[in-house]
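1. Please find the sequence and the predicted model below.
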Amino acid sequence: MSKKSVCLCISQIVLIFCISLAFGQEKRASAPGIFEGHQDVGTVLHAGAVEYDAAQQTYTISGSGENMWLKADAFQFAWKRVSGDVMLTADISFVGTGANPHRKAVLMVRQSLDADSQYADVALHGVGLTSLQFRLEKGALTHEVEASESAPKRLRIIKRGDYLYMILGDDAALHTSGASIKLPLHGDFYVGIGVCSHDKDVVEKAVFSHVSLKPLTASTTEPVLYSTLETVPVASTDRRVSFVAKGRFEAPNWTRDGKEFIFNRDGGIDRLAVAGGEPQLIDTGFAKRCNNDHGISPDGKLLAISDSSADGGQSQVYTLPIEGGTPQRITAKSPSYWHGWSPDGKTIAFTGQRDGEFDIYSIPAAGGEETRLTTAKGLDDGPEYSPDGKYIYFNSERTGHMQIWRMAPDGTQQEQVTFDETNDWFPHISPDGKWMVFLAYEPGVTGHPPNKDVTLRSMSLADGKVSVLATLFGGQGTINVPSWSPDSLKVAFVSYQLLPEEALSAN
């Protein structure tokens, strides 16, 4: 090779290097303000941009991208690399009417800048829909927890430990949306703001103002407990918040007509319209210490409760009109905890402690003699009839840790249903008899305590396949009693949050 050819080759290499360097700078340009850089994540047809107004301290982000969903994302992202616990807050407003109603402006926490990375974001859609979106594993499908409110002015995402929370409100006050998910992130990760047009051929803009990114240290105040009533479809597993409140409420039932939820709170029983609104207290007469074992008769006319107002503070099973009224005592012995109603409405299944042993019993729904159905050593709990009346499903620790079992209504033919390492509680069978949903605690957890990392799982009764419906902070109170929608499409449950006071500060 001649010297001239060598020089030409070197020049070409230098030129290619310079072009590559310039392209890299365009892909990952520096971002002013509080962020370190910005770039398009994933595949986009039109490059995005970030404009920072130092005087107004606003960020105008232009973003393209087909979507932020399924297994890969495409959007413009202004980011900062951080570690530990953080809180990102911003007011968001879209520019223009928008080509797609589901264009998204987001506050995001992301493991990497790969298109299929693990992430969680608080996403404001062009139509006002607001949700906590997340991808739990790299390359997995995206899911969401949809807020019950629309188009909030101020949005916040909090990462605290392995949990992420969606906080909403305005410049006067913030409140928890009730949406939270568990998503462990490892080492450094990315936090920032972004825009996706939800249309690969279009560029959309959003303005982020009052942007604040703060590291979080250990709180010096006692965290505040919040309860969230959620629903989750078995088909999509995308959750939706129905109601959130400070304090503890538990164990939602879905009424037979599908119009209301019933749950216990502060010793009483509340009803809440599925369409929204505020809960209304049901008159339960003298019964002022109701626990989370309650349910509705097959004809929808009666409510069964478990209450410890009488009998020396021991729980007893009562029934009363579902509209409210004077409770009628059903069980003679205590403690007794309601769990199931036979499909014909004639028999109740309950858990009773007798001579130090917890076992499954049945009793006529009008009262009478109880019949013991289980005799194995260890705790048996959570009995519920299948819709066809052929089985009573229950949970038992007779194998060494809690698993799901079933038996004939007379107590014969007892057989194990789940064979997991997890501790499985409270089986509930869908009205169409096709699905079982249950609560799974991590191995080593004894009993069914509150405030634990748990999963809500479904099993196809046709083939025994088990799937995860939701990963959450919960346990006792999450799904103690039947909570299927009448059409067998959704399950209602309660998740919990322990939030420090500063999580809801206006700034």
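-> Received it, and whenever you're ready, just let me know what you need.
2. Who are the contact partners of the closest residue to Ser148 other than its chain neighbours?
-> In this structure, Ser148 finds its nearest non-sequential neighbour in Val241, 4.6 Å apart by CB to CB, 6 or more residues apart in numbering. Where C-beta positions appear, they are placed from N, C-alpha and C, glycine not excepted. Shown in contact with Val241 (CB atoms under 8 Å, 6 or more residues apart in numbering): Val145, Glu146, Ala147, Ser148, Ser177, Gly178, Ala179, Thr228, Leu229, Glu230.
3. Which pLDDT value goes with Val494?
-> The model reports Val494 with a pLDDT of 98.
4. Can you name the residues that contact it?
-> Taking CB under 8 Å, 6+ apart, one finds 227-230, 249-252, 263, 474, 477-479 in contact with Val494.
5. just to revisit the earlier point, among the contacts of Val241, name the ones in helices.
-> Of the contacts of Val241, none are assigned to helices by DSSP state H.
6. want to throw the residues you listed into JSON lines with distance to Leu155?
-> JSON lines is the format used below for these (distance: CB to CB, whole Å):
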{"residue": "Val145", "distance to Leu155": "14"}
{"residue": "Glu146", "distance to Leu155": "14"}
{"residue": "Ala147", "distance to Leu155": "10"}
{"residue": "Ser148", "distance to Leu155": "15"}
{"residue": "Ser177", "distance to Leu155": "9"}
{"residue": "Gly178", "distance to Leu155": "14"}
{"residue": "Ala179", "distance to Leu155": "11"}
{"residue": "Thr228", "distance to Leu155": "17"}
{"residue": "Leu229", "distance to Leu155": "22"}
{"residue": "Glu230", "distance to Leu155": "19"}
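7. that older thread, neighbour-wise, which of the contacts of Val494 leads?
-> Pro252 (30 neighbours; other CB atoms under 10 Å).
8. For Tyr165, give the beta-bridge partners.
-> In this structure, Tyr165 bridges to Ile158, Ser180 when assessed by DSSP bridges.
9. Near it, how many other residues are there?
-> 23.
10. now do Gln353
-> 16.
11. and the spatially closest residue to it that is not a sequence neighbour, how many neighbours?
-> Nearest-residue entry for Gln353: Pro335, 5.2 Å, with adjacent residues in sequence omitted and distances by CB to CB, 6+ apart. By other CB under 10 Å, the residues close to Pro335 number 21.
12. same deal with Arg289?
-> Neighbours of Arg289 (other CB under 10 Å): 18.
13. Next one: it relative to Arg398, how far apart?
-> 31 Å (CB to CB, to the nearest Å).
14. quick revisit: of the contacts of Val494, just say which sits nearest to Asp463.
-> Ile479 (22.6 Å; CB to CB).
15. count of neighbours near the nearest residue to that closest one once chain neighbours are set aside?
-> In space, and not counting its chain neighbours, Ile479 is closest to Phe493: 4.6 Å by CB to CB, 6+ apart. Neighbour count for Phe493, taken as other CB under 10 Å: 26.
16. on that earlier part again, the residue nearest to Gln353 contacts Val317, doesn't it?
-> No - here Pro335 lies out of contact with Val317, judged by CB atoms under 8 Å, at a distance of 9.7 Å.
17. Pick the one among the contacts of Val494 closest to Pro486.
-> Proximity of the contacts of Val494 to Pro486 was ranked by CB to CB; the top entry is Pro252 with 13.7 Å.
18. Wait, a strand at that closest one?
-> Yes - counting by DSSP: H, G, I helix; E, B strand; the rest coil, Pro252 falls inside a strand.
19. Tell me who's in contact with it.
-> With contact taken as CB under 8 Å, 6+ apart, Pro252 is in contact with Leu229, Phe261, Ile262, Phe263, Val481, Ser483, Ala492, Phe493, Val494.
20. same thing with Val445?
-> Val445 sits next to Asn423, Lys452 when contact means CB under 8 Å, 6+ apart.
21. that older thread, and which of the contacts of Val494 is nearest to Glu501?
-> Nearest member of the contacts of Val494 to Glu501, counting by CB to CB, is Ser227, at 17.4 Å.
22. Tell me, what's the model's pLDDT at that closest one?
-> pLDDT, read off for Ser227, is 98.
23. How much space separates it from Met87?
-> 22 Å.
24. Likewise for Ile429?
-> The spacing between Ile429 and Met87, counted by CB to CB, is 42 Å.
25. Low-confidence stretches in the stretch 101-250 of the chain?
-> Along the stretch 101-250 of the chain, no part satisfies pLDDT under 70.
26. element containing the closest residue to Val82 other than its chain neighbours, please.
-> Spatially, and ignoring its direct neighbours in sequence, Val82 is nearest to Val191 (5.4 Å; CB to CB, 6+ apart). Using DSSP states H and E, Val191 maps to strand 189-196.
27. Each with direction, which strands does that strand pair with?
-> Strand pairing (DSSP bridges) places strand 189-196 next to strand 75-82 (antiparallel), strand 104-110 (antiparallel).
28. who's in contact with the last one?
-> Just to be clear, that refers to strand 104-110. 61, 68, 75, 77, 79, 86, 88-90, 92, 94, 117-126, 133, 155-157, 159, 164, 185, 189-196, 198, 206, 208.
29. Need the buried ones from those residues selected in PyMOL.
-> In PyMOL syntax, the buried subset of the contacts of strand 104-110 is picked out as below (16 or more other CB atoms under 10 Å):
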select buried, resi 61+68+75+77+79+86+88+89+90+92+94+117+118+119+120+121+122+123+124+125+126+133+155+156+157+159+164+185+189+190+191+192+193+194+195+196+198+206+208
